[in-house]
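Asker: predicted model and sequence follow; I will ask about them next.
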Amino acid sequence: MREILKRTGIIGVGMLALFLVGCGGVEPEKRDYPMTLAFGHEDGSNYVIYGMANLNEVTEQGKGEQDTPEVLKIRGESMSEIHEEYAKTQQYYLDLGHVQAVIFDKSLLDDKESYGKIVEEMQGIPEIGKNAYVFRTTRLEEIMITGQEKEDSLGEYLRGMYENHMKIKKKGLTLEDLYYEWNNFGVISKIPTLNVKDGQVVLCEDL
């Protein structure tokens with residue numbers, strides 16, 4: 001009898017813990033889901049452009065119009081500062097666990113110190129998966145706006161470029177590859193280039 005009561009108590013504590021975690025969590029429909037992170041540098045400061053997923057598609061909640069812009073640009077000296085600024089100006093929780101693609105503008109790649117700071121900070125955010133594909137461009141804002149006009153998010157579109165055409169395209173560069181080269185050799189990786197052509201985001205075969 002004592003053993004049964006002991007087991008019942010353990011189950012009860014477990015259920016309570018799950019309940020408390022659920023209460024403390026943020027509901028899916030109250031989150032923003034960036035599928036693309038785009039980094040640039042201008043006027044002496046860094047910035048991030050978030051390419052958001054469609055909130056209705058992610059949460060399947062049948063919500064109305066999405067409040068957060070699908071392309072959202074925020075400035076800051078560091079990612080922590082950028083995230084603080086995001087929290088001041090946006091109502092939803094920023095969920096970075098669905099990032100499919102990371103894009104660096106040439107302006108940031110030309111500033112090795114700023115690039116290194118961003119890369120090192122990204123490694124401290126475990127939610128950003130290391131399997132996200134990495135790209136570069138000289139037309140960052142145009143890429144983001146053009147890409148978000150597609151039915152799928154830009155991040156899904158860029159991932160599909162590699163994963164749906166493995167036989168005809170070279171292996172893409174992932175964040176894991178980029179981290180390895182920066183941490184071990186202190187070099188900026190050779191990154192595939194994106195451009196806009198005929199109203200489409202295109203991958204330039206320059207690897």
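Answerer: Thanks, I have it. Quick caveat, the model's predicted, so the values are computed rather than measured.

Asker: C-alpha only now, for contacts and for neighbours.
Answerer: Noted.

Asker: for residue 34, which non-adjacent residue is closest in space?
Answerer: Leaving out its chain neighbours, the residue that sits closest to residue 34 by CA to CA, 6 or more residues apart in numbering is residue 52, at 4.1 Å.

Asker: now the one you found: phi and psi?
Answerer: phi -80, psi 150 (degrees, to the nearest 10).

Asker: per-residue pLDDT, it?
Answerer: Note for residue 52: predicted pLDDT of 91.

Asker: please apply the same query to residue 65.
Answerer: Residue 65 is given a pLDDT of 53.

Asker: kindly report the same for residue 31.
Answerer: 89.

Asker: separation between it and residue 153?
Answerer: As for residue 31, its distance to residue 153 is 16 Å (criterion: CA to CA, to the nearest Å).

Asker: same question, residue 73
Answerer: Using CA to CA, residue 73 is found at 16 Å from residue 153.

Asker: comparing those two, which residue is more hemmed in?
Answerer: residue 153 (21 against 16; other CA atoms under 10 Å).

Asker: wouldn't that one be in contact with residue 34 here?
Answerer: No. With contact defined as CA atoms under 8 Å, residue 153 does not count as touching residue 34 (9.2 Å).

Asker: now the common contact residues for these two.
Answerer: In terms of CA atoms under 8 Å, 6 or more residues apart in numbering, residue 153 and residue 34 are both contacted by the residues 51, 52, 53.

Asker: what about the spatially closest residue to residue 106 that is not a sequence neighbour, neighbour count?
Answerer: Spatially, and ignoring its direct neighbours in sequence, residue 106 is nearest to residue 138 (5.4 Å; CA to CA, 6+ apart). If you count neighbours by other CA under 10 Å, residue 138 ends up with 15.

Asker: I figured residue 138 hits residue 108, correct?
Answerer: No. When contacts are counted by CA under 8 Å, residue 138 is not listed as touching residue 108 (10.1 Å).

Asker: for residue 117, give its distance to residue 39.
Answerer: According to CA to CA, residue 117 stands 12 Å off from residue 39.

Asker: more crowded one of the two?
Answerer: Between residue 117 and residue 39, counted using other CA under 10 Å, the more crowded position is residue 39 (26 against 13).

Asker: dump the residue contacts of the more buried one.
Answerer: Contacts for residue 39 (CA under 8 Å, 6+ apart) come out as 46, 47, 48, 49, 102, 103, 104, 105, 108.

Asker: how about residue 194?
Answerer: Listed by CA under 8 Å, 6+ apart, the contact partners of residue 194 are 135, 136, 137, 143, 201, 202, 203, 204.
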